[in-house]
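[1] have a look at this fold, sequence not included:
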């Protein structure tokens, strides 16, 4: 008896469901309200990206608030078993998520700086509609280099060369009046034209580099290692790993007649001096 | 009965105590030989019995008891101060009755592991007692040597940005760029040895560790090891360090490839101390082994407590063919020279065309 | 050396002064009655009350509680190395009784590397008292049990009157104080107490054929073996074999019951011992397996008991302080111990323990102990020597009191108290852990921010090593015992925290483990001894934090991946785990219940009036 009653109930419910109708808007925007139309009252289920809502509705127009449709993507609305889907588009760009790397880069190096921008609306939905992002890279006192890059699926990407002057470079990305800034420290590159001079100092030879600069003329940072090497047939080799201070590296080497003095920094070699013993 | 039993048990006890004590006293009783005198001397050193140890030496010019203790026990936080003698093997090189030369192979237990030292002692027999001739250590400073030393006082410190709207790129403390500039793999003594050089190409100091993974013919990892202490971990800008990674019990023939993974970290660092390496040359030591000798000179105002010497050897094509290292048991005081020697494989001595010595260090003063 | 003036029917009764050394002898009018003490063996059912005994077992137990209770309530041994280890192991049992794999030490090790009983008792009680208080309660119970065991043991050897004195003497032993309060040697003291009890019941069975004694002896000896490996191997034999010898010696004497065959008496006892050995060996099979399958001999740290003649401080620490004023009794023990027939075996056992307790002073310890030779084992033999001497010392005390009356009583009490106080004073001036420090910073660091996914190592923490381990969820590559990593095992080094004490082998072992830090996920090293800093700095660790005003520093290595399972997990068969988890505790509980349910009555002591002997000294002589 009970079994028959249950079967009858299910059949009636399915019949009611088949009768119920729901109409959704063709276009909706994330963060904005929208209206549905239900042909009969019942329970509305709304399922979407990060969203699951259950609400009792009456027949007629049902208003979905801006919060209900905060996230862009495909939603499914169900009333009494009748389901309809709607696509919620992202709103206009409001934010830029800008990743720049590295934070520290040697000067005058091609394609060493990379920047990636994610264009987002005010609810952090990725704005997939095509647009353009303007990138600018510049050091104070110099005209910035700029480039406009079209977005693809909400993302714009650029690889740029570092400038020739050391210092903190402003790396900006902008869409309309939305501007995001990152700092990329441009630092001196490998030493260039490394040169030293030597003079007697008591029983030793005082060796000293000229101001150590990279090929763009930027002084290498203090603390950079400069290796002075003295070679003689009789006493073998003497080396000092000196640190650059105020742009110059100094060291004392034993004064050996006929010694050959060389200087190097990293993998860069400098000039050579033959010490005559004077 | 009871008295005799008590006496018997007491006698047995005394005999057992005698048997237990005799071996300890043995070395002291047969001090008639030069070798025994060296053993007895190091027994005193081991027991930190400086008075008795000093009583066994003929002090040379400028050797006072205080300087002798400084020499044998170490000072200035040197490795010697945290070492103890473990084992002494001696061999008489010659003995004329009044004079003798004894070679002592010393094994020290130190804070960085076991350290072996071979030392030749000259002994003089005075009145039946052998005494060790003890000369002043080379690096004792004199007032006349004192001169101003350069002190850089350059430091890198990391200041983290506390701002919530971080304007720096990917991070404001990005690790420095380092690069392995040479690498070589050889079989040696039942091990695979990976060696090479790494350079800090950046403008900030880096802390570098190199791990290596041996990949077998089947593509699976055979073993993983790291450079451990065979590298100078802290690299200042443009500084080059050798590294060596040993894989005991492996053969190069079973290795398909080597996966090297350096780890870099931006760290605070100081530009001091500045250590010069003078008079580097390869020669044979007293036992006929090839060694690289030289002098370390501290050109900065900072005491170096434990210097660590890393030597890179190159063949004529500039390829790294060996890396060896050694700890010095003496501290480097400003303007002092301390001799060093690091081993070189005898079979490679003829191939070595060039070499480079770098000095790593540990300072006990915390910054 | 004539016979005494009076004769006794009880030919086995000893004169009170039977072993009186010459210096104690004095002319006496002897108008008083000489107190005789019975050498009657302890039997299960005897009647009468010992009116002349100075204290009943209950009073001895109360005195033990009164002396040790406050000290243990103050948790004096809480930070001893041994107690910390015990509590750490007990904590695991409390959390997982039958799960014998402990992941906190050695990157994972089996709890079966240590005999389980005391840890299980502490674990059980920890659910009521908390872990530290549970340890203290257990230790107090052990001290009380030991006093009662010595009471009973002395009764077997030298009679009813000596028993309370020996029992009281055991409370004030310097060797006991050092083991309990400095070393935290709960397993050894517990094992010893149970072994002594077992030995005395073994006498009852071997001599008197009493089945209840058999059951008690078996249960107690198995429980003793399950407490401590040293006691299992040496302690039980040291107490049981002399007792068996005594049972054999008494077997033909009807005073101690029916006449029995000497050989049968001895063999019966040996069979019981063999059964106990087999059963306990079966229960502890995983433990013995780990001990005997260790291919490398473990080194002992440098701070072992050296030659006492050459090292005064060592003699003070390992011999003079543990013996205390009992040293003054040594001439008496040597003179009288072997001379009296019944105490001959007791003296021999004492003599062996005394010699082994001298450590490296004689070659005996090295040969006898082999791989078990270490400072604690030497201390343990000295402890056993003092316990074995107590029945004879009690005889001496009775003699002294008989001769010097009140003065002797006062002096003996003063000597006892000073013997007990000396180790406590020694501990104050030579603490096992100098400058104790808080470990909660370290535990907090390891327990937060997923730091526990890496392994850690402590260096120079001493006894507080185990304290850190029991507070944190993280695992260390170090530990105490023989479950160490292959790199450390190769050098025979069992405890890296104290690596420098092993000399170059210790530092090489530490180097070897640090070299494989990445494989073990060993990221954090806590250093409390700056000796280790150069090695870890050269090896690539960097100091990242400091605690306790810089006395403890934390070093970290950046490239270390999270720890992974070392695949060393060995699952024991269910039957072994069940035996390990159930039988030791069951034996202990059954033995205690049986002892409580079947109390013994005090022996009757005859007090006989002696006629005056004029100027003749009372002689020390055994009645023939």
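    It's in. Everything numeric in this text was worked out from a predicted model, so none of it was measured. Numbers count the residues shown, from 1 in each chain, chains lettered A, B, ... in the order given.
[2] can you list the weak-confidence ranges in chain C?
    Of all residues in chain C, those with pLDDT under 70 make up the ranges C:1-53, C:256-257, C:292-305, C:371-373, C:432-434, C:482-483, C:567-569, C:600-624.
[3] and if you look at the stretch 151-300 of chain B?
    For the stretch 151-300 of chain B, the ranges with pLDDT under 70 are B:151-153, B:159-173.
[4] state the distance from the closest residue to chain A within it to residue C:252.
    Chain A sits closest to residue B:281 of the stretch 151-300 of chain B, with a gap of 3.2 Å, by Cβ to the nearest Cβ. Backbone N, C-alpha and C define where each C-beta goes, glycine included. Distance, residue B:281 to residue C:252, using Cβ to Cβ, to the nearest Å: 90 Å.
[5] re the thing from before, just checking, the residue of the stretch 151-300 of chain B closest to chain A touches residue A:235?
    Yes: between residue B:281 and residue A:235 a contact is recorded at 7.1 Å, counting by Cβ atoms under 8 Å.
[6] which of these two has more neighbours?
    Under the neighbour definition other Cβ atoms under 10 Å in any protein chain shown, residue B:281 and residue A:235 were set side by side, and residue A:235 has more, 18 against 14.
[7] residue contacts, the more buried one?
    Residue A:235 sits next to A:254, A:256, B:278, B:279, B:281 when contact means Cβ atoms under 8 Å, 6 or more residues apart in numbering or on different chains.
[8] how about the residue of the stretch 151-300 of chain B closest to chain A: what's its closest non-neighbour residue?
    The shortest distance from residue B:281 to any non-neighbouring residue, by Cβ to Cβ, 6 or more residues apart in numbering or on different chains, is to residue A:236 (3.2 Å).
[9] angles on the backbone of that neighbour, please.
    For residue A:236, the backbone dihedrals (degrees, to the nearest 10) come out as phi 80, psi -140.
[10] ok, the spatially closest residue to residue A:94 that is not a sequence neighbour to residue A:92 distance?
    For residue A:94, ignoring the flanking residues on the chain, the nearest one in space by Cβ to Cβ, 6+ apart is residue A:122 at 4.0 Å. Remark: distance between residue A:122 and residue A:92 (Cβ to Cβ) = 8 Å.
[11] residue C:346 now?
    100 Å.
[12] which one of these two is surrounded by more residues?
    A direct count of neighbours by other Cβ under 10 Å for residue C:346 and residue A:92 places residue C:346 higher, at 28 against 15.
[13] list the contacts for residue B:80?
    Each residue near residue B:80 by Cβ under 8 Å, 6+ apart is listed here: B:72, B:73, B:74, B:329, B:330.
[14] wait, a strand at it?
    No: counting by DSSP: H, G, I helix; E, B strand; the rest coil, residue B:80 falls outside a strand, being helix.
[15] how confident was the prediction at the residue of the stretch 101-250 of chain A found nearest chain B?
    Of all residues in the stretch 101-250 of chain A, the one sitting closest to chain B is residue A:236 (3.2 Å; Cβ to the nearest Cβ). At residue A:236, the pLDDT value in this model is 85.
[16] do a quick rundown of the helices in the stretch 1-150 of chain B.
    Taking DSSP state H, counting those that start in this stretch as the test, the helices found in the stretch 1-150 of chain B are B:2-29, B:34-46, B:50-55, B:65-73.
[17] verify the contact between residue C:526 and residue C:439 for me.
    No: taking contacts as Cβ under 8 Å, residue C:526 lies outside contact range of residue C:439: 9.1 Å.
[18] what touches both of these two?
    Common neighbours of residue C:526 and residue C:439 (criterion: Cβ under 8 Å, 6+ apart): residue C:468.
[19] quick one: which of the two has more around it?
    Comparing residue C:526 with residue C:439 by other Cβ under 10 Å, the one with more neighbours is residue C:526, at 25 against 22.
[20] grab the nearest non-local neighbour of the more buried one.
    The shortest distance from residue C:526 to any non-neighbouring residue, by Cβ to Cβ, 6+ apart, is to residue C:458 (4.7 Å).
[21] for residue A:270, same thing?
    Distance criterion Cβ to Cβ, 6+ apart; nearest residue to residue A:270, sequence neighbours excluded, is residue A:194 at 3.1 Å.
[22] next, count neighbours for the one you found.
    Neighbours of residue A:194 under the rule other Cβ under 10 Å: 22.
[23] where does it fall, helix, sheet strand or coil?
    Following three-state DSSP, residue A:194 is assigned to coil.
[24] looking at the helices of the stretch 1-150 of chain B, which is closest to residue C:195?
    Residue C:195 lies closest to helix B:2-29 among the helices of the stretch 1-150 of chain B, at 24.4 Å (Cβ to Cβ).
[25] tell me what angle the closest one forms with helix B:34-46.
    Put simply, helix B:2-29 runs at 100 degrees to helix B:34-46, going by axes from the mean of the first three to the mean of the last three Cα atoms, to 10 degrees.
[26] now for helix B:2-29, which elements pack on it?
    Applying 3 or more Cβ pairs under 8 Å, 6 or more residues apart in numbering or on different chains; DSSP states H and E, one finds that helix B:2-29 makes contact with helix B:34-46, helix C:330-336, helix C:344-356.
[27] and residue B:236, what does it touch?
    Contacts of residue B:236 (Cβ under 8 Å, 6+ apart): A:223, A:224, A:225, A:243, B:200, B:205, B:269, B:271.
[28] part of a helix, is residue C:591?
    Yes: with three-state DSSP as the criterion, residue C:591 is located in a helix.
[29] for residue C:319, see how far away it is.
    Note on residue C:591: its distance to residue C:319, by Cβ to Cβ, is 33 Å.
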